[in-house]
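Undergrad: Predicted coordinates and the sequence they were generated for:
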Amino acid sequence: MDKELEHSFVTNLEQNQNIVHKVCRIYTNDQDSHNDLFQEITIQLWKAYPKFRGDAKFSTWMYRVALNTAITLYRKSKRSIKTTDLDTINFRLKVEEYDDEIEQQLKLMYAAVKQLNDIEKALIFLYLEDKSYKEIADTMGISEVNARVKMNRIKTKLQKILNP
Amino acid sequence: MDELELLKKDWKKQEGGFPKLSYKEIYSMILKKSSSIVRWIFIISIIEFLLWASLDILVRLNGMYAKVEQPGMDTFSLIASVISYSILIYFITRFYLNYKKIEATDSAKVLMENIIKTRRTVKQYIWVNIGFFTIAMIVTMGYILFFTEEFKNQPVGNHPPIWIVLVGTLILIAVFVAGIALFYRLIYGILTRRLKKNYKELERLEI
């Protein structure tokens, strides 16, 4: 492979790696699986890179490939253990910045998000990333109306998980 | 939903908390091999094509055809070979074209559809093959039973009644087909369970 292409790809990914980390955080529960998924997303991004023409921002382009890998392409390793304790440890990064009540609420929210299915997680992720409904619809391959309907359903579902 | 807004704010704050991978670490990652579902489906499909194609060759080398081939069966077995190789070439071409279409930059739904299509091509190939084998077996059996001198000229008491042979053959075929079907369910069931579930979830939205 072209050295120049390699260099521009690795540099781009190095600068935008947070997007991949965030996808991994939504879809995995422990550090090993996180690294595993990160690895696979990197490979898929690299495979798709020759077709990246630069008409979109690199970061925008990444969302699609990263989510597609997490939802469809990636084969979950057997290592991934489902423990809510681990989620919250993984998720909560700057604990000291919050007072206890908000802290508690956030903890519950993150745990609730973990209970959503793969597709719902993708939608919530894009929502948290401040993507428009049009972008969400394009990424998922559904209509904008459906994206809105689905988001509302997810919100209701989250509410139900939080207040059973 | 207030909690969601709270979550959104917190979500944006987490940026700094991630491990920062170095250029070198990312570079070493692109050299590794993918373990994606598409790669697995590709490998397994190629093995399937090879397996079915080699079955024919194996049967020939074994001299099994020679045993079955009676005068008058020549044309039949020639036609059968031509058909089975055309089928193989047709399906491999279709499989390859479908496989090429799979791109991680498509929307989630299109990507899933393309993977399912690729998978379906191989599945169709298997079923066409099973059907083909079944017909070939029945035709050969029928030919031996009704047209070969050996069988016809034997005194009635020397061979089992025709219906026993027929039922026996049918049971054999049924067991064979069921075995293969079970095998595929196991392999692809495990491989594509999550894919199918997620695809259904996306489709459900369209209603």
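TA: That came in fine, so what should we check first? Numbering: from 1, shown residues only, chains lettered A, B, ... in the order given.

Undergrad: what's the longest helix in the chain?
TA: Answering for chain A, as no chain was given. Longest helix in chain A, counting residues (DSSP state H): helix A:3-27.

Undergrad: actually it's chain B I care about, not the one you picked
TA: Longest helix in chain B, counting by DSSP H: helix B:162-205.

Undergrad: That one - contacts with which helices or strands?
TA: helix A:118-128, helix A:144-162, helix B:37-61, helix B:108-147 (3 or more Cβ pairs under 8 Å, 6 or more residues apart in numbering or on different chains; DSSP states H and E). The C-beta positions use only the backbone N, C-alpha and C, and glycine is treated the same way.

Undergrad: Could you check the angle that helix makes with helix B:108-147?
TA: Relative orientation of helix B:162-205 versus helix B:108-147 (axes from the mean of the first three to the mean of the last three Cα atoms, to 10 degrees): 170 degrees.

Undergrad: Name the helix or strand for B:Val20, please.
TA: Small correction: residue B:20 is Lys, not Val. Counting by DSSP states H and E, no helix or strand carries B:Lys20.

Undergrad: Do I have it right that it meets A:Gln15?
TA: No - contact criterion Cβ atoms under 8 Å: B:Lys20 and A:Gln15 do not qualify, at 10.5 Å.

Undergrad: What residues of stretch B:136-152 count as buried?
TA: For stretch B:136-152, the neighbour count (16 or more other Cβ atoms under 10 Å in any protein chain shown) marks B:136-137, B:140-141, B:143-144 as buried.

Undergrad: Of the helices and strands packed on helix B:162-205, which stretch is the most buried?
TA: helix A:118-128 (a mean of 22; mean count of other Cβ atoms under 10 Å in any protein chain shown).

Undergrad: roughly how far is that one from the heart of the chain?
TA: Computed by Cα atoms, centre = their mean, to the nearest Å, the chain-centroid distance of helix A:118-128 equals 7 Å.

Undergrad: Return the list of helices and strands in contact with it.
TA: Helix A:118-128 packs on helix A:3-27, helix A:58-68, helix A:133-140, helix A:144-162, helix B:2-13, helix B:162-205, going by 3+ Cβ pairs under 8 Å, 6+ apart.

Undergrad: okay, the angle between the fourth one and helix B:162-205?
TA: Computed by the same axes, to 10 degrees, the angle separating helix A:144-162 from helix B:162-205 equals 90 degrees.

Undergrad: what's in contact with helix A:144-162?
TA: The contact list for helix A:144-162 (Cβ atoms under 8 Å, 6 or more residues apart in numbering or on different chains) reads A:108-109, A:112-113, A:115-116, A:120, A:123-124, A:127, A:133-134, A:136-137, A:140, A:142, B:1, B:3-4, B:205-206.

Undergrad: Just the C-alpha atoms of that helix, please, in PDB.
TA: Output of helix A:144-162 as PDB, limited to C-alpha atoms (Å, rounded to 0.1, in the frame of the first residue of the first chain):
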ATOM      1  CA  GLU A 144     -36.000  11.000   8.600                       C
ATOM      2  CA  VAL A 145     -39.500  10.500   9.900                       C
ATOM      3  CA  ASN A 146     -38.600   7.100  11.100                       C
ATOM      4  CA  ALA A 147     -35.500   8.400  12.800                       C
ATOM      5  CA  ARG A 148     -37.600  10.800  14.800                       C
ATOM      6  CA  VAL A 149     -40.200   8.200  15.700                       C
ATOM      7  CA  LYS A 150     -37.500   5.800  16.800                       C
ATOM      8  CA  MET A 151     -35.800   8.500  18.900                       C
ATOM      9  CA  ASN A 152     -39.000   9.200  20.700                       C
ATOM     10  CA  ARG A 153     -39.500   5.500  21.300                       C
ATOM     11  CA  ILE A 154     -36.000   5.200  22.700                       C
ATOM     12  CA  LYS A 155     -36.600   8.100  25.000                       C
ATOM     13  CA  THR A 156     -39.800   6.400  26.300                       C
ATOM     14  CA  LYS A 157     -37.900   3.200  26.700                       C
ATOM     15  CA  LEU A 158     -35.200   4.900  28.700                       C
ATOM     16  CA  GLN A 159     -37.800   6.500  30.900                       C
ATOM     17  CA  LYS A 160     -39.300   3.100  31.500                       C
ATOM     18  CA  ILE A 161     -36.000   1.600  32.500                       C
ATOM     19  CA  LEU A 162     -35.300   4.500  34.800                       C
END
